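S.K.: Following is a predicted model, sequence given first.
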Amino acid sequence: MNRKKQRNQILLLSYEKTFHDDPVPEIINLACEARDMETDEFINSSVNGIFDHLSVIDEKINENLIGWKINRVSRVSLSILRIAVYEMLFCEDIPVSVSINEAVELAKEYCGDEDPSYINGVLGSISKSINQNG
């Protein structure tokens, strides 16, 4: 499975998690059973990583939202932001520019017309703050 398909699966699982308090492994198992979804190590570790580091990820997102609070961001856009920020902060083997580009592509596919540019701006701001801090 290529990374684009993997990120689509990560998005679906992350989005589902926003509706349920179930542990991530249970959400993954249920999704696999209900939709014959395939997962792999990258998908499983990414979804687990996002929710293991959720407070750090959401804090970074909230610090870089312009004119919004995190609770006003749509669940789909928030899920996309979380994936990208997780990769930017915790996946050294994925270039930041790739994480941003893939997030924008997901937003073009799953969000409204204004979301891709907003997500790009938020992630660009986060990228700058990461480069300044470390």
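M.R.: Happy to help now that I have it.
S.K.: Look up phi and psi at C111.
M.R.: When quoted as degrees, to the nearest 10, the phi and psi of C111 stand at phi -120, psi 180.
S.K.: Touching, it and V76? I think so.
M.R.: Yes - under the contact definition of C-beta atoms under 8 Å, C111 touches V76, with a separation of 5.7 Å. C-betas here are computed from N, CA, C, even on glycine.
S.K.: Helix or strand: which one has the residue nearest to the spatial centre of the chain?
M.R.: Centroid check for the chain by C-alpha atoms, centre = their mean gives I83 as the closest residue, at 1.8 Å. According to DSSP states H and E, I83 maps onto helix 75-90.
S.K.: mind exporting that helix as CSV, just the C-alpha atoms?
M.R.: Once side chains and other backbone atoms are set aside, the C-alpha atoms of helix 75-90 remain, and they are given as CSV (Å, rounded to 0.1, in the frame of the first residue of the first chain):
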residue,chain,number,x,y,z
ARG,A,75,-13.3,17.2,12.8
VAL,A,76,-12.0,16.4,9.3
SER,A,77,-9.6,19.3,9.1
LEU,A,78,-8.5,18.7,12.7
SER,A,79,-7.8,15.1,11.9
ILE,A,80,-5.7,16.2,8.9
LEU,A,81,-3.8,18.7,10.9
ARG,A,82,-3.1,16.1,13.6
ILE,A,83,-1.7,13.6,11.1
ALA,A,84,0.6,16.3,9.6
VAL,A,85,1.7,17.6,13.0
TYR,A,86,2.4,14.1,14.3
GLU,A,87,4.6,13.5,11.2
MET,A,88,6.3,16.8,11.6
LEU,A,89,7.1,16.3,15.3
PHE,A,90,7.7,12.6,15.6
